[in-house]
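Predicted coordinates and the sequence they were generated for:
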Amino acid sequence: MRRREVIAGIAAATAWPLAARAQQPPMPVIGFLSSESPALFASFLGVFRQGLNEAGFVEGQNVAIEYRWAEGQNERLPVLAADLVRRRVSVIAAPGSTPAALAAQRASATIPIVILTGGDPVALGLIASLNRPGGNVTGVTSLGRELAPKRLGLLHELVPTATVMALLVNPTNTALTESTTRDVQAAAHTLGLQLHVLHAGSEGDFDAVFSSLIELRASALVIAVDSYFTVRREQLAGLALRHGVPAVYQYRDFAAAGGVMSYGGSLAEGYHLAGLYTGRIIKGEKPANLPVHQVTRVELVINLKTAKALGLVPSPSLLGRADEVIE
């Protein structure tokens with residue numbers, strides 16, 4: 001009798017941890033939706049994970065991430081977003097890509113969605129207002145579109161004799177391309193500049209773009225904010241320098257890689273905040289109650305070495321406003 005009691009006690013002790021584990025809630029799953037590829041997105045993922053970690057979540061330990069990559073083909077995003085909805089993820093993170101944010105929103109009106117967009121999320125129809133998003137979408141805006149006319153003005157200061165300039169846009173990012181083009185064309189009109197709009201949505205388009213600049217006699221290039229250009233910012237900076245074209249983009253990495261100038265919000269801040277918001281939502285906060293954060297750190301970086309190589313001399317006024325001068 002005593003032997004049976006001992007065996008029963010051992011069985012009960014063994015069964016208790018198994019039962020306790022069975023009662024534990026399943027690990028939350030983040031659906032990560034991107035226009036790009038994991039190889040090109042590696043550095044941004046690191047910053048996103050840092051924000052997620054600050055909210056108390058570590059991938060593989062207490063949260064899982066399902067990745068869906070469009071590999072530079074925005075037309076694939078609706079299918080990828082629908083797949084994440086079928087997977088019943090806890091939240092969809094679509095940072096750095098307006099087409100990904102729109103695809104996620106169209107795929108679900110109930111799953112929380114965290115975005116990072118260079119456009120105005122209100123004008124894009126993603127949220128009701130910055131302070132009160134009101135639906136299942138929240139996140140960060142990097143002011144990319146709003147600052148595009150300012151980038152044209154700064155480039156005109158650097159090349160004051162220019163009468164013809166160009167704007168490079170991604171035609172597959174329809175919503176952001178249309179608004180950016182409209183704003184930059186208005187700024188060009190104010191400055192008395194002729195503006196040509198050039199398109200690039202694939203790797204093979206870049207050579208044609210820079211050949212067109214010569215044919216159009218465009219003296220400088222403004223690159224519109226787009227995830228396709230962001231992950232290829234070093235390639236674009238190299239092409240601009242090789243073809244002798246002063247070019248400006250939003251992020252510092254562009255100027256550091258040889259672009260003559262960058263002006264815009266901090267990319268690192270944006271991805272960090274997107275990761276932090278994703279973690280807060282997993283903890284139970286509602287997107288409708290989380291104000292869309294606007295990147296506050298805006299910096300002007302001038303690559304003086306590139307400017308000299310292009311035969312340009314930035315004015316003391318322009319250099320004095322720079323947050324950083326690369327020599």
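Done, it's in.

Quick test: name the residue nearest the centre of this protein.
Relative to the mean C-alpha position of the chain, the nearest C-alpha, by CA atoms, centre = their mean, is the one of Gly96, at 1.9 Å.

Pretty sure that residue sits against Ser227.
Yes. The pair Gly96 / Ser227 is scored as a contact, 4.9 Å apart, by CB atoms under 8 Å. C-beta coordinates here come from the backbone N, C-alpha and C atoms, glycine included.

overlap in contacts of these two?
Both Gly96 and Ser227 are in contact with 34-36, where contact means CB atoms under 8 Å, 6 or more residues apart in numbering.

Go through the residues you listed and flag which are in strands.
With strands taken from DSSP state E, the overlap with the shared contacts of Gly96 and Ser227 comprises Ser34.

Looking at neighbours, which among the shared contacts of Gly96 and Ser227 is most surrounded?
Ranked by neighbour count (other CB atoms under 10 Å), the shared contacts of Gly96 and Ser227 have Ser35 at the top, with 30 neighbours.

nearest spatial neighbour of it, skipping sequence neighbours?
Ser97 (4.0 Å; CB to CB, 6 or more residues apart in numbering).

Dihedrals phi and psi, Thr138?
Dihedral pair for Thr138: phi -150, psi -180, per degrees, to the nearest 10.

mind listing the helices for the stretch 101-250 of the chain?
Ranges of helices within the stretch 101-250 of the chain are 144-158, 174-191, 205-215, 227-230, 233-242, based on DSSP state H, counting those that start in this stretch.

Could you export those helices as JSON lines, including mean neighbour count, distance to Asn136 and mean pLDDT?
Putting those into JSON lines (neighbours: other CB atoms under 10 Å; distance: least, CB to CB, whole Å; pLDDT from 0 to 100) gives the following:
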{"stretch": "helix 144-158", "mean neighbour count": "22", "distance to Asn136": "23", "mean pLDDT": "91"}
{"stretch": "helix 174-191", "mean neighbour count": "18", "distance to Asn136": "19", "mean pLDDT": "93"}
{"stretch": "helix 205-215", "mean neighbour count": "15", "distance to Asn136": "35", "mean pLDDT": "93"}
{"stretch": "helix 227-230", "mean neighbour count": "24", "distance to Asn136": "22", "mean pLDDT": "90"}
{"stretch": "helix 233-242", "mean neighbour count": "19", "distance to Asn136": "31", "mean pLDDT": "94"}
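
Mind putting those into TSV with distance to Ile302?
Output for the helices of the stretch 101-250 of the chain, formatted as TSV (distance: least, CB to CB, whole Å):
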stretch	distance to Ile302
helix 144-158	8
helix 174-191	19
helix 205-215	21
helix 227-230	20
helix 233-242	13
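
and this structure, what are its domains?
For the chain, the structural domains run 29-143+267-297, 144-264+299-326, going by automatic domain parsing.

Distance from the chain centre to the longest one, please.
Spelled out, that is domain 144-264+299-326. Offset of domain 144-264+299-326 from its chain centre (CA atoms, centre = their mean, to the nearest Å): 18 Å.

Go through the shared contacts of Gly96 and Ser227 and name the one nearest Arg49.
Nearest to Arg49 among the shared contacts of Gly96 and Ser227: Ser34, at 13.8 Å, using CB to CB.

for the closest one, what are its contacts?
Ser34 makes contacts with 41, 67-70, 94-97, 100, 227, as judged by CB under 8 Å, 6+ apart.

Equivalent analysis for Leu213, please.
Listed by CB under 8 Å, 6+ apart, the contact partners of Leu213 are 166, 198, 221, 243, 245.

where are the low-confidence patches of the stretch 1-150 of the chain?
Applying pLDDT under 70 to the stretch 1-150 of the chain flags the ranges 1-25.

how about the strands in it?
Counting by DSSP state E, counting those that start in this stretch, the stretch 1-150 of the chain has strands at residues 29-34, 64-69, 91-95, 113-117, 137-141.

Only alpha carbons, please: show the second one as CSV.
Once side chains and other backbone atoms are set aside, the C-alpha atoms of strand 64-69 remain, and they are given as CSV (Å, rounded to 0.1, in the frame of the first residue of the first chain):
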residue,chain,number,x,y,z
ALA,A,64,8.0,34.9,-32.5
ILE,A,65,8.2,36.8,-35.7
GLU,A,66,6.8,35.6,-39.1
TYR,A,67,8.6,37.4,-41.9
ARG,A,68,7.1,38.1,-45.3
TRP,A,69,9.4,39.7,-47.9
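
Output the shared contacts of Gly96 and Ser227 as JSON lines; include the columns distance to Ser202.
Below are the shared contacts of Gly96 and Ser227 laid out as JSON lines (distance: CB to CB, whole Å):
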{"residue": "Ser34", "distance to Ser202": "17"}
{"residue": "Ser35", "distance to Ser202": "13"}
{"residue": "Glu36", "distance to Ser202": "13"}
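
quick one: which of the shared contacts of Gly96 and Ser227 is nearest Ala237?
Glu36 (17.7 Å).

give me the number of residues near the closest residue in space to the closest one that isn't next to it in sequence?
Leaving aside its chain neighbours, Glu36 sits nearest to Val231 (5.1 Å; criterion: CB to CB, 6+ apart). Burial of Val231 is recorded as 21 neighbouring residues (other CB under 10 Å).
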